[in-house]
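Novice: With the input below, show me the fold.
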Amino acid sequence: MRNETIRKLSLLNVIPKRLLAAVGGYVSSLMLAAKKHTFQSAAEIAGLDESRISAAMNSSHMPQVSRDVLNRSVRRRLKRFKRLEGRLVFIVDGTIVGRRGRKIENAGKHHSGSGFVWGHKFVNFVLLGECGVLPLGSEPVYSKKYARENGIKRKTEIEIVVDWINGLGSKFSAEELRSALFLFDSGYDARAVQHAVKGIGADFVMSLKSSRIVNGSKVKDLFWRTRRWLKNQTIRLHAGSGGKKARRTFSVRAAREANLKGFGLVTAVCSKAESRKGKPTKYLATSDLEMSPREILRWYSMRWRIETWHREMKQGFGYVDCRARRFSAVESHIRFCLTAYLLQKESGERQITKEEQTLKKAVRSLKFELNKFGSGDDLRIRLSQAVQSIAA
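Specialist: Numbers count the residues shown, from 1 in each chain. Below is the predicted model:
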């Protein structure tokens, strides 16, 4: 497995030869199923000392190497990726890697759905397709202190998203972007993001903040005032991660050609989940005026795929397992996790444990020995010696 991973990474022509063994071993260790992925386990897979893995990951130029490795891996995987309904569907979402400690670089207080979390925040960009999710990149959110100390121009989370959207013109053609669709939650309800999406000719479906101004009033108040004459529509969809048989019922009201302050005309939708406890209400909007309320709800429900992908990355590929003090190592680790995910999906095999890999290696060695001329006697001697050692 390690040799195959090193061979694939060497074909990218972006990793220096002196780092190829360390990077190949590190990515190979992330592809294995384990409760925790550490520098020590990576060193065992790579056949190197743990200090060499640590020195390589903590080097100042490793973030650029990891970025190049991920970009080349994405480009290779993108050629065979089956798009959803023949169009590009992008999902943008942030995730927080919780950390504790005084000397940890770039750690800060970030807001999440359950409160505030202390750690590192990354903005992930994925492409949704028929076979699942294709990660395109992961950008860190720098704190003011870390940016000032390292001479980095600090960008807010919204500015990171806007810059990434504006850079899509170099990766995809104008015709592909005109049919593209972006899915956002309410955390990215900002005029700059909406104008960036329309600037490349694409459309968006996003959740609006309840205080966002639509038709001269807050969207929450708008749907409250119009509750008597806007017709309710019941929609049933296969939404969430409950499986094919799980269906949810939504009560939907739509305001077509509504004026979203700071942007322009949108179709606004008030959606209430009738089949869930508490009946949470969401306010959705799309820049595609021809999209029906059912299509808006269906597209937005697909945004849940990135949440299940986050869970898969954290549980299977060590997304939150890096405990290095330097943030350059954490940043490189995140990109190597995405690279490991791409290589694993490209192989089409399930994740195996370290013990299963050792057993497969022993079986391959045994098959090699059996193919040798006159190897039967030698194998019998080795077997008797192994039995005697076990008995002793």
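Novice: Please give me every residue in contact with T95.
Specialist: When contacts are counted by CB atoms under 8 Å, 6 or more residues apart in numbering, T95 touches K121, F122, N124, H310, Y319. For glycine as for every other residue, the C-beta is placed from the backbone atoms N, C-alpha and C.
Novice: Let me see the confidence value for the second one.
Specialist: Spelled out, that is F122. Turning to F122, the model gives it a pLDDT of 95.
Novice: Tell me how far the host helix or strand of S251 lies from the chain's centre.
Specialist: Assigned by DSSP states H and E, S251 belongs to strand 248-260. Relative to its parent chain, strand 248-260 has a centroid offset of 29 Å by CA atoms, centre = their mean, to the nearest Å.
Novice: what comes up buried for that strand?
Specialist: R248, F250, V252, R253, A254, A255, A258, L260 (16 or more other CB atoms under 10 Å).
Novice: so which of these would you say is closest to E139?
Specialist: L260 (26.4 Å; CB to CB).
Novice: ok, the closest one to I15 distance?
Specialist: Separation of L260 from I15 (CB to CB, to the nearest Å): 46 Å.
Novice: Rounded mean pLDDT for stretch 41-55, please.
Specialist: 89.
Novice: Enumerate the beta-bridge partners assigned to L260.
Specialist: Listed by DSSP bridges, the beta-bridge partners for L260 are V214, G264.
Novice: in which helix or strand would I find K8?
Specialist: helix 2-10.
Novice: what's that helix packed up against?
Specialist: Applying 3 or more CB pairs under 8 Å, 6 or more residues apart in numbering; DSSP states H and E, one finds that helix 2-10 contacts helix 17-31.
Novice: Would you mind giving the orientation angle of the helix it packs on with respect to helix 2-10?
Specialist: Following axes from the mean of the first three to the mean of the last three CA atoms, to 10 degrees, one obtains 120 degrees for the angle between helix 17-31 and helix 2-10.
Novice: now helix 17-31, how far from the chain's geometric center?
Specialist: 21 Å.
Novice: Let me know the next secondary structure element after that helix.
Specialist: Past helix 17-31, the next helix or strand by DSSP H and E is helix 39-46.
Novice: Contacts for that next one, please.
Specialist: With CB under 8 Å, 6+ apart, helix 39-46 has contacts from 2, 21-22, 24-26, 28-30, 32, 34, 49-50, 52-54, 57, 354.
Novice: ok, 6 Å please
Specialist: Residues external to helix 39-46 that are found in contact with it (CB atoms under 6 Å, 6 or more residues apart in numbering): R2, A21, G25, Y26, S28, S29, E50, I53, S54.
Novice: Show me the shaky parts of the stretch 251-392 of the chain.
Specialist: Regions of the stretch 251-392 of the chain meeting the criterion pLDDT under 70 cover residues 275-279, 351-352, 354-380, 382-392.
Novice: Centre of the chain to the helix or strand hosting I53, how far?
Specialist: Using DSSP H and E, I53 sits in helix 50-57. In terms of CA atoms, centre = their mean, the centre of helix 50-57 is found 25 Å from the chain centre.
Novice: Let me see the residues that make contact with it.
Specialist: Contacts of helix 50-57 (CB under 6 Å, 6+ apart): L19, A22, F39, Q40, A42, A43, A329, S332.
Novice: Can you tell me which of the residues you listed is closest to F116?
Specialist: A329 (24.5 Å).
Novice: what's the angle between the helix or strand hosting the closest one and helix 17-31?
Specialist: For A329, the host element (DSSP H and E) is helix 327-347. Calculated by the same axes, to 10 degrees, helix 327-347 forms an angle of 70 degrees with helix 17-31.
Novice: Buried ones in helix 327-347, by neighbour count?
Specialist: Buried, per 16+ other CB under 10 Å, within helix 327-347: 327-345.
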